[in-house]
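In: predicted model and sequence below, questions to follow.
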Amino acid sequence: MLLQSSHSSALTAQNQPAKSRKRSLLRTSSLAFILVLLSCLILTGCGGPSPSPDGGPQPTFTLTLSTPSMALYPGATQSLQVQAVPHNGFQGQVSISFSGLPSGITLTPSSLTISPGNPGTVVFTAALNAATERFTPYEIGNDSASFPIAVSGASGVVRSAALLTLVVSLQNPSFVPTAVDLPVVHITTQGGAPIDSTETYVSGTLVISTDLAGANQLYSGTMQIKGRGHSTWWMPKKPYRIKLDAKASLLGMPSDKDWNLLANYNDKTLMRNAIAFELSRRLGLPWTPRGAFVEVFLNGRYDGNYQLTEKIKAGTSRVNITRMADTDTSGDALTGGYLMEIDERLDGAFWFRTNRNLPIVIQDPDPAADAQHTYISSYVMQAEDALYSNSFTDPALGWPAYFDAATFINWYLVNETTASQDSIFFSSCWLYKDRLNPLLYMGPVWDFDISMGNVNYSTAVNPTGWWVRNGPWYSRFFQDPNFAALTVVRWNEVRATQLDTMLAYVDQTAAALEQSQQNNFQRWPILGELVWPNSECAGSYQGEVDFLKSWLTQRLAWMDSQFNPGAAGASARAGSRP
């Protein structure tokens, strides 16, 4: 069943981009056929040249183009030369016209006259929102569109036509930055092998430097790399998972083998994940993935701004729980630690569903022994049963005996403040249980590219209205007045010093990304286009940042007015929103 809360809920199937391309091909083929048919009807010479008044062959011409196809990306220009090839002594002037142009494509000059031996050149210019009618924010991977352009020539009653295939693309792989001010990651796969799977690793090398040439190196080593993500994997700019052959500290982060490269393709601020991670750190969740913005080159090709982050895993410098051996199948050893993810996609070999159909994947231990699977699935269901029991507020019998209030409240505030699409327990919702500890802990936080208004298929787009609170478990937690009161207390503790100051953090991050975002959006020229699942298109990087800040300002004001109804500050803030 397709759930509204998923990254993929706007899709009908994973092959939607293929369907879109097939429709585009059919449109192009049909128009091309009509053009050829019309040309045959009107062109002199289709059935042999018409006789001239003196009985000789009619002078005619044929249009030729410098190229039969042209690729253009938003913000770019391309030149096309048009030539009239004479037949039977044709010497006239030929007026050239173009039809079938998509929106946002302009021609210079707007009109063109040529003659045999004197070809003409026209410049195609694509606006930042070129062909927006074909780039809809409801299809993943829709990054190019083809248009059959009819190039017609007329000289009196003599006509000729040619077909130009115009491709508007949302990527510019030939772009190479000349300036960088972030660390540069150079990925080189063995033999230049493509990274085309989220299942199979490809061998290669990883070099991190401070310069484009890779001379001033901060790290160099061998590694394995593959794709990662679900809906994000189907986007043109791919996210990756890296496994170093030997543990190493990258950009000051604790030494480990496992890392992620987040593409942040559909988040045009490039910073929604970073904002949520910062908010998690400010609220004091036990561990939050560390990260750093970088510029990425893959096999010599510039691929844009990425976020290098730690991978969520059990470990002393990550989720600090006891690592289990496959022999830990009885006694105290069986009680932990367990790292789990609520994930409707069931992306893992070992999973279970609770009595209320909540999908939980056991991420560590992996593989989980039968006894470990039985223990943790039974324990989580026991905890859930206590949460929904008649005595659910009882300290010894209800939820307080099974759930850690602090992490559940802090995790809630991060995800409710950002209205993260999947945080209503669809996916990327992590929790864990340690050895000899009866409590389940919520966290770490993850996956915020579709948050803070960047969604077009659910009410999470709105800065007002509860989101996480209406989902599984939390709707029950908030039926306990004590849990609700503890949440308000925590909100008021952090609101002024940690939440309201997030807007300054947004500005600081935008300033730090200024050069990199310019590079990124020349490689991926989408600032004027809607891509899945954008709810708005500001048309500039600063416009995207302003939208994000406006959304957060309204969100904080609304939540404050709900947590502190009637308070003067809350009323003033809530009343100030648009």
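Out: It's in.

In: show me where this structure has its helices.
Out: With helices called from DSSP state H, the chain shows them at 16-42, 272-283, 370-387, 405-418, 474-477, 481-494, 502-512, 514-523, 541-563, 568-575.

In: contacts for the shortest one?
Out: Outside helix 474-477, the residues within contact range by C-beta atoms under 8 Å, 6 or more residues apart in numbering are 387-388, 392, 399, 408, 412, 468-469, 483. C-beta here means a position set from N, CA and C on the backbone, and glycine is covered the same way.

In: in ChimeraX, how would I select just the buried ones from the residues you listed?
Out: A single ChimeraX command is used to select the members of the contacts of helix 474-477 judged buried by 16 or more other C-beta atoms under 10 Å:
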select :387,392,399,408,412,468,469,483
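
In: what about the nearest residue to E278 once chain neighbours are set aside, how many residues nearby?
Out: Nearest residue to E278, sequence neighbours excluded (C-beta to C-beta, 6 or more residues apart in numbering): Y505, at 5.8 Å. Neighbour count for Y505, taken as other C-beta atoms under 10 Å: 16.

In: look up how far A274 lies from Y505.
Out: Separation of Y505 from A274 (C-beta to C-beta, to the nearest Å): 9 Å.

In: check T222 too.
Out: 28 Å.

In: please identify which of these two sits among more neighbours.
Out: A274 (24 against 12).

In: residues contacting the more buried one?
Out: A274 touches 291, 293, 307, 509, counting by C-beta under 8 Å, 6+ apart.

In: quick one, what contacts the nearest residue to G471 once chain neighbours are set aside?
Out: Leaving aside its chain neighbours, G471 sits nearest to I424 (3.3 Å; criterion: C-beta to C-beta, 6+ apart). By C-beta under 8 Å, 6+ apart, the contact set of I424 is 5, 467-468, 470-472.

In: my guess is P148 meets T165, correct?
Out: Yes: applying C-beta atoms under 8 Å, one finds P148 in contact with T165, separated by 6.2 Å.

In: tell me which of these two has more neighbours.
Out: Legend: neighbour count by other C-beta under 10 Å for P148 and T165, higher for P148 (20 against 15).

In: which parts of the stretch 151-300 of the chain are strands?
Out: For the stretch 151-300 of the chain, the strands defined by DSSP state E, counting those that start in this stretch occupy 158-169, 184-189, 202-209, 217-227, 240-248, 256-262, 291-298.

In: could you chop this protein up by domain?
Out: As assigned by automatic domain parsing, the chain contains the domains 16-43+61-169, 184-310, 324-494.

In: closest one to E514 among those?
Out: The minimum distance between E514 and the domains of the chain falls on domain 184-310, with 11.0 Å, by C-beta to C-beta.

In: what separates the closest one from the chain centre, distance-wise?
Out: Offset of domain 184-310 from its chain centre (C-alpha atoms, centre = their mean, to the nearest Å): 14 Å.

In: what of stretch 347-358?
Out: With C-alpha atoms, centre = their mean, you get 26 Å for stretch 347-358.

In: and it, which residues are buried?
Out: In stretch 347-358, counting by 16+ other C-beta under 10 Å, buried: 348, 350-352, 354, 358.

In: redo those as JSON lines? Include pLDDT and distance to Q498.
Out: Output for the buried residues of stretch 347-358, formatted as JSON lines (pLDDT from 0 to 100; distance: C-beta to C-beta, whole Å):
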{"residue": "G348", "pLDDT": "90", "distance to Q498": "33"}
{"residue": "F350", "pLDDT": "95", "distance to Q498": "37"}
{"residue": "W351", "pLDDT": "97", "distance to Q498": "35"}
{"residue": "F352", "pLDDT": "97", "distance to Q498": "36"}
{"residue": "T354", "pLDDT": "98", "distance to Q498": "33"}
{"residue": "L358", "pLDDT": "98", "distance to Q498": "30"}
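
In: return the member of those nearest to M559.
Out: M559 has its nearest neighbour among the buried residues of stretch 347-358 in L358, at 25.3 Å by C-beta to C-beta.
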